[in-house]
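Undergrad: structure here, sequence nowhere to be found:
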């Protein structure tokens, strides 16, 4: 297998999760980066772990000419690991990004042995992502070649807890910058929440309470939820019970230009999460000139600079004052909107993100000392698997297929049973 030439076209394998009506940030980012890499002339293999085999991204990727492989989940991690290694062996990548997919991160051990750089991603300030950073970014047996953190805060904290050296870059998700822009000169104010309609992490009922509070106070404010599943049925029931169905509207899953048009019909985007990385929904909104209002958490101030590119609040009860200020000061609305869009163009566009990814790819490839060879798929995927990692692939099924001690014990018992009196 020939080594790739530095700064040349690459064969990139990029992995992510997906599902029906799924609008999660990792999927959206994986789709966008795969298309961007393809448009730059790279050969891309999108490896998708899709719940029940249903993938939102597949149709778009295939239309863009991206080689797309989909595996059903839930399934045992070892069966997925073997399938991933089979796809990679046939593709022969220059670099493999298992991203946050646990089976891909475990499989990366054998990809790395073949002299191919592998990259894990630290996407959020939560327990699962910190375990990924510890085991695959700065760990031992399962350590990947490099780690991408989506914010400076996450990288700084990872360096703080690390006792050794590791290669890492800060690369935010990145979003397209559309021609669609919010018309901030309008007298009305449209406020939108977009993403997973769930209480855990996203505090979706706090968002609903804020919407109710605001539309009851201001006549010319309208609110909307853009998303599917989760708590949507209950949120719709509560809206009807409150008699606010004309003021609080619900829209389904959207992607591409339709999504950008829906965002641009509003003026403010809200997120009251307990934790995030760099939230893609907020970046998408800012790219369309929407003004973000976000709950304070570690790292959000890199994206939302309070009073300049948006507003950061400490509590849901602080949102109303910000909305009141925006309603009264049209010049402020226009200024924050322009700043938000400019901030995305300069630091958070998909173009800049792809530039940073490419730079990291080339850096890892050039520093790889081992000569490239074909990926070897072992008969037994043995290893010391961390027990505390959970995900879509059932960890209870992640056990070595073969144990010499267990094998010997079983056969010894059989022999004893044959000669037993």
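TA: Good, I have the coordinates. What you see is a predicted model; the values in this text were computed from it and never measured.
Undergrad: drop to CA atoms for contacts and neighbour counts, all remaining ones
TA: Noted.
Undergrad: which stretches in the stretch 301-421 of the chain count as helices?
TA: In chain order, the stretch 301-421 of the chain shows helices spanning 319-328, 330-343, 350-367, 404-419, with DSSP state H, counting those that start in this stretch as the criterion.
Undergrad: now do stretch 262-282: distance from first to last residue.
TA: 14 Å (CA to CA, to the nearest Å).
Undergrad: for stretch 146-166, measure first residue to last.
TA: 7 Å.
Undergrad: so who does the spatially closest residue to residue 250 that is not a sequence neighbour touch?
TA: Leaving aside its chain neighbours, residue 250 sits nearest to residue 225 (4.9 Å; criterion: CA to CA, 6 or more residues apart in numbering). By CA atoms under 8 Å, 6 or more residues apart in numbering, the contact set of residue 225 is 192-194, 248-251.
Undergrad: neighbour-wise, which of those residues leads?
TA: residue 192 (28 neighbours; other CA atoms under 10 Å).
Undergrad: residues contacting it?
TA: Residue 192 sits next to 223-226, 263, 266-270 when contact means CA under 8 Å, 6+ apart.
Undergrad: again, only this time at 6 Å
TA: By CA atoms under 6 Å, 6 or more residues apart in numbering, the contact set of residue 192 is 223-225, 269.
Undergrad: tabulate those residues (a markdown table), appending pLDDT, secondary structure and distance to residue 129.
TA: Formatted as a markdown table, the contacts of residue 192 follow (pLDDT from 0 to 100; DSSP: H, G, I helix; E, B strand; the rest coil; distance: CA to CA, whole Å):
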| residue | pLDDT | secondary structure | distance to residue 129 |
| --- | --- | --- | --- |
| 223 | 98 | strand | 32 |
| 224 | 98 | strand | 30 |
| 225 | 97 | strand | 27 |
| 269 | 98 | strand | 25 |
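Undergrad: and the helices in the protein?
TA: Listed from the start of the chain, the chain has helices (DSSP state H) covering 25-39, 57-63, 77-91, 102-113, 127-132, 152-161, 204-217, 232-241, 256-264, 280-287, 319-328, 330-343, 350-367, 404-419.
Undergrad: from residue 104, how far off is residue 81?
TA: 6 Å.
Undergrad: of the helices of the stretch 301-421 of the chain, which approaches residue 11 most closely?
TA: helix 350-367 (10.5 Å; CA to CA).
Undergrad: buried subset of the contacts of residue 192?
TA: Among those, the ones that count as buried by 16 or more other CA atoms under 10 Å are 223-225, 269.
Undergrad: that older thread, any idea which of the helices of the stretch 301-421 of the chain is most buried?
TA: Highest mean neighbour count of the helices of the stretch 301-421 of the chain: helix 330-343, a mean of 20 (counted as mean count of other CA atoms under 10 Å).
Undergrad: how far off centre is that helix?
TA: Per CA atoms, centre = their mean, to the nearest Å, the displacement of helix 330-343 from the mean C-alpha position of its chain is 27 Å.
Undergrad: with stretch 261-279 instead?
TA: How far stretch 261-279 lies from its chain's middle: 15 Å, per CA atoms, centre = their mean.
Undergrad: what comes into contact with that stretch?
TA: Contacts of stretch 261-279 (CA under 6 Å, 6+ apart): 123-125, 181-182, 189-193, 201-203, 288, 290-295, 297.
Undergrad: point out the ones among the residues you listed that are inside strands.
TA: 189-193, 291-295 (DSSP state E).
Undergrad: now these in a markdown table, with distance to residue 93 and pLDDT?
TA: Formatted as a markdown table, the ones in strands among the contacts of stretch 261-279 follow (distance: CA to CA, whole Å; pLDDT from 0 to 100):
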| residue | distance to residue 93 | pLDDT |
| --- | --- | --- |
| 189 | 48 | 97 |
| 190 | 45 | 98 |
| 191 | 44 | 98 |
| 192 | 40 | 98 |
| 193 | 38 | 98 |
| 291 | 40 | 98 |
| 292 | 39 | 98 |
| 293 | 41 | 98 |
| 294 | 39 | 98 |
| 295 | 40 | 97 |
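Undergrad: between these, which is closest to residue 46?
TA: residue 193 (28.8 Å).
Undergrad: from residue 197, how far off is the closest residue to that closest one other than its chain neighbours?
TA: In space, and not counting its chain neighbours, residue 193 is closest to residue 225: 5.0 Å by CA to CA, 6+ apart. Look at residue 225 and residue 197: by CA to CA, they are 8 Å apart.
Undergrad: okay, the ones in strands among the contacts of stretch 261-279 in TSV with distance to residue 19 next?
TA: Listed next are those as TSV, based on distance: CA to CA, whole Å:
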residue	distance to residue 19
189	33
190	29
191	27
192	23
193	21
291	30
292	27
293	28
294	27
295	28
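Undergrad: please name the residues that touch residue 176.
TA: Neighbours of residue 176 in contact, by CA under 6 Å, 6+ apart: 349-350.
Undergrad: nearest residue to residue 249 other than its sequence neighbours?
TA: Among residues not flanking residue 249 along the chain, residue 224 sits closest, at 4.7 Å (CA to CA, 6+ apart).
Undergrad: for that neighbour, list each beta-bridge partner.
TA: residue 192, residue 249 (DSSP bridges).
Undergrad: look at residue 81 and residue 104 and report which has more neighbours.
TA: residue 104 (29 against 20).
Undergrad: quick one, what contacts the nearest residue to the more buried one once chain neighbours are set aside?
TA: Spatially, and ignoring its direct neighbours in sequence, residue 104 is nearest to residue 98 (4.8 Å; CA to CA, 6+ apart). Each residue near residue 98 by CA under 6 Å, 6+ apart is listed here: 15, 104-105.
Undergrad: how many other residues sit next to residue 256?
TA: If you count neighbours by other CA under 10 Å, residue 256 ends up with 12.
Undergrad: check contacts around it.
TA: Taking CA under 6 Å, 6+ apart as the definition, residue 256 has no contacts.
Undergrad: any idea how far it is from residue 374?
TA: Residue 256 sits 37 Å away from residue 374, going by CA to CA.
Undergrad: for residue 74, state which of the contacts of residue 225 is nearest.
TA: residue 194 (26.5 Å).
Undergrad: pretty sure that closest one sits against residue 228.
TA: No: taking CA atoms under 6 Å as the definition, residue 194 is not a contact partner of residue 228, at 9.5 Å.
Undergrad: so what sits against both of those two?
TA: Counting by CA under 6 Å, 6+ apart, nothing touches both residue 194 and residue 228.
Undergrad: quick one: residue 126 from residue 278, how far?
TA: 13 Å.
Undergrad: which one's more surrounded, the two?
TA: Just comparing residue 126 and residue 278: by other CA under 10 Å the higher neighbour count belongs to residue 278, 27 against 14.
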